[in-house]
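model this:
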Amino acid sequence: MLPSFRMKREFNALLFAVLLFVGIGYVNPVFLTVRNIALTLQGSVMYIFLAAGMTFVILTGDIDVSVGAVLGMSAAVAATLVRDGYPLWAVVGGALLVGGGTGLLNGVGVTFLRIPAIVMTLGTMGILRGAMFIYTDGKWVENLPDFFKQACQICVYGINLFVLVAVALVLLMQLYLSTARRGKYFAAVGDNLDGAVLVGVPVVRIRIAAFVISGLCSALAGLVYTSQIGFVGNVAGNGTEMTAIAACVIGGVSLAGGTGSVAGALFGAVIMNTINSALVFLKVPAYWNNTISGLLLLTMVLADSLLHRYLEEKARRKRLNARFARAAERRACDDARA
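Got it, this is the predicted structure:
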């Protein structure tokens with residue numbers, strides 16, 4: 001029953017995305033043009049990477065609010081390296097080193113030092129924000145080479161390269177989580193931590209790995225951001241952590257841990273970016289973006305909490321009914337013997 005429920009939540013997210021496109025297109029037909037849909041998907045890539053990494057952390061029952069700061073710091077490092085003429089492998093490696101190192105720091109703090117994930121990642125976020133200002137002297141990183149800025153425009157068979165990479169990564173992650181033995185450990189840890197320990201799941205390593213994956217995905221998002229924007233401001237990535245969390249929740253990833261998929265997070269990321277784009281087409285002032293995103297997040301979290309409570313109550317009643325049925329069978333057997 002649980003797998004079908006997960007599939008239903010992902011289908012609902014996909015259906016909501018389709019209805020969102022159709023509804024906005026009904027008000028403004030320009031929104032449903034092939035070019036605009038392609039631009040919307042292209043603009044979703046950064047959020048897809050963030051949400052994909054966040055999914056691993058939330059599956060284990062933790063949270064990572066440092067992803068926006070990791071994005072900004074990774075983007076700043078990548079931008080300065082590419083501006084100063086370093087080879088592409090060094091640019092990508094530098095960004096991934098920032099993301100992976102931050103994820104490792106978060107994971108060690110949460111597991112070994114027993115710091116609550118929200119506190120640990122909030123502290124990391126503050127450190128990275130300050131480090132970014134020091135690293136860039138509070139200035140924007142500009143004058144990036146054209147080849148790097150034009151990378152986001154490359155298409156393969158008419159599909160944007162970044163979109164293809166994001167979808168391919170999500171598919172690989174989804175296969176890993178759903179088929180690989182170690183991939184299933186992430187949900188097992190979030191579903192029942194004590195039970196996972198008893199059956200031999202390497203809980204500490206899995207939780208650290210989740211934060212490292214989140215950091216690496218945030219670094220990839222930083223690379224995408226740098227290429228798409230063409231410069232890095234000193235507030236790059238601010239607020240994207242809320243969008244990433246909202247994308248996961250909308251895509252069916254339970255904040256209680258143990259339930260969700262990367263594919264659902266992808267749909268959620270597209271929905272969040274579509275909402276931002278829709279406000280432009282519906283001529284809604286930009287300052288409503290955060291309000292609408294926040295309301296949507298609260299609504300989805302509330303719905304997720306109520307649904308989780310309903311499923312737990314339903315499972316409890318099913319167990320009680322099974323016990324009553326077995327007890328009735330025993331009494332019937334005892335009466336028959338008597």
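
residue ranges for the helices of the stretch 51-200 of the chain, please.
Secondary structure of the stretch 51-200 of the chain by DSSP state H, counting those that start in this stretch: the helices cover 67-83, 88-111, 117-136, 146-149, 161-179, 181-191, 193-198.

who wins for proximity to Leu19 among those helices?
For Leu19, the closest of these is helix 161-179, at 21.2 Å, according to C-beta to C-beta. C-beta here means a position set from N, CA and C on the backbone, and glycine is covered the same way.

quick one: mean pLDDT over the closest one.
Across helix 161-179, pLDDT averages out at 94.

quick check: buried residues in it?
Buried residues in helix 161-179, defined by neighbour count with 16 or more other C-beta atoms under 10 Å: 162-163, 165-167, 169-170, 173-174, 177.

packing partners of the helix ranked longest in the chain?
With secondary structure taken from DSSP state H, the chain has its longest helix at helix 289-337. Applying 3 or more C-beta pairs under 8 Å, 6 or more residues apart in numbering; DSSP states H and E, we find helix 289-337 packed against helix 240-250, helix 262-281.

give me the angle between the last one and helix 161-179.
It refers to helix 262-281. 140 degrees (axes from the mean of the first three to the mean of the last three C-alpha atoms, to 10 degrees).

helix 262-281 to helix 240-250, inter-axis angle?
Using the same axes, to 10 degrees: helix 262-281 against helix 240-250 is 120 degrees.

most tightly surrounded among the helices of the stretch 51-200 of the chain?
Counting by mean count of other C-beta atoms under 10 Å, helix 67-83 has the highest mean neighbour count of the helices of the stretch 51-200 of the chain, with a mean of 28.

what helices or strands is that helix leaning on?
Against helix 67-83 (3+ C-beta pairs under 8 Å, 6+ apart) you get helix 34-59, helix 88-111, helix 117-136, helix 203-229, helix 240-250.

so which of the ones you listed is nearest Glu10?
Closest among these, using C-beta to C-beta: helix 240-250, at 10.7 Å.

would you turn the helices and strands packed on helix 289-337 into a markdown table with mean neighbour count, distance to Thr226 and mean pLDDT?
Formatted as a markdown table, the helices and strands packed on helix 289-337 follow (neighbours: other C-beta atoms under 10 Å; distance: least, C-beta to C-beta, whole Å; pLDDT from 0 to 100):
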| stretch | mean neighbour count | distance to Thr226 | mean pLDDT |
| --- | --- | --- | --- |
| helix 240-250 | 27 | 14 | 89 |
| helix 262-281 | 24 | 18 | 86 |
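
and those as JSON lines, adding distance to Ser218?
Converted to JSON lines, those look like this (distance: least, C-beta to C-beta, whole Å):
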{"stretch": "helix 240-250", "distance to Ser218": "8"}
{"stretch": "helix 262-281", "distance to Ser218": "13"}
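
looking at those, which is closest to Leu296?
Taking the helices and strands packed on helix 289-337 one by one with C-beta to C-beta, helix 240-250 is closest: 6.4 Å.

list the contacts of the closest one.
13, 16, 46-47, 50-51, 53-55, 58, 63-69, 71, 125, 221, 255, 260, 264-265, 267-269, 271-272, 293-294, 296-297, 300-301, 304 (C-beta atoms under 8 Å, 6 or more residues apart in numbering).

what sits closest to Ser227 if chain neighbours are left out?
Cys152 (4.4 Å; C-beta to C-beta, 6 or more residues apart in numbering).

read off the pLDDT value for that neighbour.
Model confidence at Cys152 (pLDDT) stands at 88.

surely it and Ile229 touch.
No - contact criterion C-beta atoms under 8 Å: Cys152 and Ile229 do not qualify, at 9.1 Å.

so which of the two has more stuff around it?
Taking neighbours as other C-beta atoms under 10 Å, Cys152 and Ile229 compare with Cys152 leading, 20 against 16.

how close does the more buried one get to Leu71?
Going from Cys152 to Leu71 by C-beta to C-beta, to the nearest Å gives 15 Å.

same question, Lys184
28 Å.

with Gly107 instead?
Distance, Gly107 to Leu71, by C-beta to C-beta: 18 Å.
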